[in-house]
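K.L.:
Below are the sequence and a predicted model; questions follow.
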Amino acid sequence: MNNVKYKSLPDNKGFYGNFGGSFVPPMLEKALQEVAQAFQEIKNDSSFQEEYARLLKDFVGRPSPLYHARNLSKELGGAQIYFKREDLNHTGAHKINHCLGEALLAKRLGKKKVMAETGAGQHGVALATAAAVVGLECEIHMGEIDIVKQADNVKRMRLLGAKVVPVSAGGRSLKEAVDSAFGVYIQEYETTFFAIGSVVGPHPYPEMVAYFQSIIGREVRQQAQEKLGRLPDILIACVGGGSNALGLFYDFLEEESVSLVGVEPSGKGLESGKHAATLTMGKPGVLHGMQTYVLQTETGEAAQVHSIASGLDYPGIGPFHSFLKESGRVKYVSADDREAASAFVRTSLCEGIVPALESSHALAYAYRLASTLKPEQIIVVNMSGRGDKDIDFVAQEFPEIAFGLGN
Ligand SMILES: *Cc1c(COP(=O)(O)O)cnc(C)c1O
């Protein structure tokens with residue numbers, strides 16, 4: 001493991017080796033410094049920590065269970081598979097963990113409003129929920145095309161009191177929503193907190209979001225000790241921006257006996273160009289204020305990406321993951337749309353749990369791996385979210401898989 005002190009990263013400029021940092025217009029530097037300082041303060045502030053712990057327990061429902069998937073473990077005949085059940089959190093995914101942390105931090109800074117962009121609406125819903133309970137206004141920018149596609153999430157955000165701002169520029173999707181939200185934030189940063197939805201963006205966001213998500217791995221450590229009397233052998237998580245993966249891995253980064261695997265979406269295949277396997281196929285560049293691996297066109301623009309899981313189709317990745325790839329601490333692999341859809345159906349059939357299509361990428365790789373291992377070995381897969389949102393889509397796009405006619 002070449003003795004890297006992973007948990008002492010990033011440095012005070014937000015760098016994980018060559019990755020990370022803060023590449024933003026000068027006028028935003030002050031706003032980011034304010035966030036960075038508040039973040040350092042809350043780490044040792046007992047009133048913040050008590051309020052955060054209270055919400056995680058009684059509002060989110062933590063700790064989320066560590067569930068032994070006995071049926072699948074038996075059917076595969078190899079390693080024992082456990083699911084970390086982030087799908088059972090209030091709002092149905094891991095995102096609420098960091099949205100609550102960010103909302104509480106915004107409140108502490110005396111801000112009136114949290115804002116963000118959203119693509120499929122999952123970050124928007126989690127943030128609107130956190131804003132409602134913490135008592136802040138919420139403004140979500142969303143491309144017009146996504147607003148039509150994700151009508152239920154839009155209604156839900158509005159019900160929770162968020163203002164959803166339609167973005168009509170360019171392709172009317174996530175990229176334009178980012179620009180639109182950022183444009184407003186530059187005007188309003190004195191009263192507004194920008195809440196990023198993953199371990200991405202300029203310093204301190206990658207570090208801060210990982211900090212709020214690291215509860216996942218700390219619980220896994222304790223639950224594994226209680227249930228099994230030892231640590232797991234392998235941890236597996238899907239990687240979009242990388243927050244659920246880092247949340248699971250963080251506590252184990254310096255634990256040599258535990259292997260860590262991140263699963264990227266290879267979409268319609270790595271050769272097709274229609275994927276979002278950033279670490280597998282990208283190269284270093286600057287995107288959204290950070291130095292990291294980026295899927296790029298020949299001219300260096302962020303490429304169009306694809307995955308059936310809307311939470312995974314991002315052309316960048318959190319800078320810590322770029323570092324963990326290069327240091328070799330985490331192994332990054334990929335699973336394609338079809339494998340994810342199969343894992344989605346298989347998990348539903350065998351375990352009675354409908355996983356998010358994002359999580360299904362991690363499950364697909366876990367099932368591939370488990371049968372090659374021995375029954376005393378233990379795999380923990382992060383069930384990052386529930387799949388209710390994906391049922392119609394899988395039934396439509398993969399009818400032969402969804403209705404059991406082949407696989
Ligand atoms: C958003 C999302 C992801 C991807 O985001 P990460 O930051 O990579 O974790 C994964 N799973 C679910 C259920 C999501 O909603």
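P.N.:
Alright, I've got the coordinates.
K.L.:
How about the contacts made by V286?
P.N.:
Shown in contact with V286 (CB atoms under 8 Å, 6 or more residues apart in numbering): F23, T292, V294. C-beta here means a position set from N, CA and C on the backbone, and glycine is covered the same way.
K.L.:
Run through the bridge partners of it.
P.N.:
Beta-bridge pairing for V286 (DSSP bridges): Q291.
K.L.:
which one of the contacts of V286 is nearest the ligand?
P.N.:
T292 (13.1 Å; CB to the nearest ligand atom).
K.L.:
where does that closest one land on pLDDT?
P.N.:
As predicted, T292 sits at a pLDDT of 98.
K.L.:
My understanding was that it contacts F323; is that so?
P.N.:
No - judged on CB atoms under 8 Å, T292 makes no contact with F323 at a distance of 9.0 Å.
K.L.:
More neighbours: which of those two?
P.N.:
T292 (30 against 22; other CB atoms under 10 Å).
K.L.:
Quick check: the gap between that one and G197.
P.N.:
16 Å (CB to CB, to the nearest Å).
K.L.:
if we can go back for a sec, which residues do T292 and F323 both contact?
P.N.:
By CB under 8 Å, 6+ apart, the residues touching both T292 and F323 are F19, G20.
K.L.:
helices or strands up against the strand ranked longest in the chain?
P.N.:
Taking DSSP state E as the criterion, the chain has its longest strand at strand 259-267. Applying 3 or more CB pairs under 8 Å, 6 or more residues apart in numbering; DSSP states H and E, one finds that strand 259-267 contacts strand 234-238, helix 278-281, strand 330-336, helix 337-351, helix 357-370.
K.L.:
Just give the number of residues close to E41.
P.N.:
12.
K.L.:
per-residue confidence for it?
P.N.:
With respect to pLDDT, E41 scores 98.
K.L.:
Quick check: residues of the stretch 251-400 of the chain near the ligand?
P.N.:
G311, L312, A356, E358, S359, S384, G385 (CB under 6 Å from any ligand atom).
K.L.:
and those residues, which are buried?
P.N.:
Buried members of those, scored by 16 or more other CB atoms under 10 Å, are G311, L312, A356, E358, S359, S384, G385.
K.L.:
which of the residues you listed has the weakest pLDDT?
P.N.:
pLDDT across these is lowest for G311, at 91.
K.L.:
Let me know which of the helices and strands packed on strand 259-267 is the nearest to A131.
P.N.:
Of all these, helix 357-370 sits nearest to A131, with 23.1 Å by CB to CB.
K.L.:
what angle do the closest one and strand 330-336 make?
P.N.:
Per axes from the mean of the first three to the mean of the last three CA atoms, to 10 degrees, the angle that helix 357-370 makes with strand 330-336 is 110 degrees.
K.L.:
and the helix or strand that helix 357-370 is followed by, which residues are buried?
P.N.:
Counting by DSSP states H and E, the next helix or strand C-terminal to helix 357-370 is strand 378-383. By neighbour count on 16+ other CB under 10 Å, the buried set for strand 378-383 is I378, I379, V380, V381, N382, M383.
K.L.:
wait, the fourth one sits on L363?
P.N.:
Yes - applying CB under 8 Å as the test, V381 and L363 come out as touching, 5.8 Å apart.
K.L.:
What are the buried residues along stretch 397-407?
P.N.:
Buried residues in stretch 397-407, counted by 16+ other CB under 10 Å: F398, I401, A402.
K.L.:
since we're on the nearest residue to G242 once chain neighbours are set aside, how many residues are nearby?
P.N.:
Nearest-residue entry for G242: G318, 3.8 Å, with adjacent residues in sequence omitted and distances by CB to CB, 6 or more residues apart in numbering. G318 has 32 neighbours, counted by other CB under 10 Å.
K.L.:
likewise E376?
P.N.:
What E376 shows, counting by other CB under 10 Å, is a neighbour count of 8.
K.L.:
Which residue in the buried residues of stretch 397-407 has the weakest pLDDT?
P.N.:
Minimum pLDDT across the buried residues of stretch 397-407 is recorded for A402, with 85.
K.L.:
where's the residue nearest to G242 relative to P355, distance?
P.N.:
For G318, the distance to P355 - CB to CB - is 22 Å.
K.L.:
got it, and A335?
P.N.:
Distance of A335 to P355, computed by CB to CB: 13 Å.
K.L.:
Other residues contacting the helix or strand hosting K175?
P.N.:
K175 belongs to helix 174-188 when elements are defined using DSSP H and E. If you take CB under 8 Å, 6+ apart as the criterion, helix 174-188 is touched by 25, 27-28, 113, 115-119, 139, 141-143, 146, 165, 167, 169-170, 192, 194, 288, 302.
K.L.:
what does stretch 74-81 give?
P.N.:
Identification of contacts with stretch 74-81 by CB under 8 Å, 6+ apart yields 68-69, 72-73, 233-234, 350, 366-367, 369-379, 381.
K.L.:
Before I go, just wanted to say thanks for your time.
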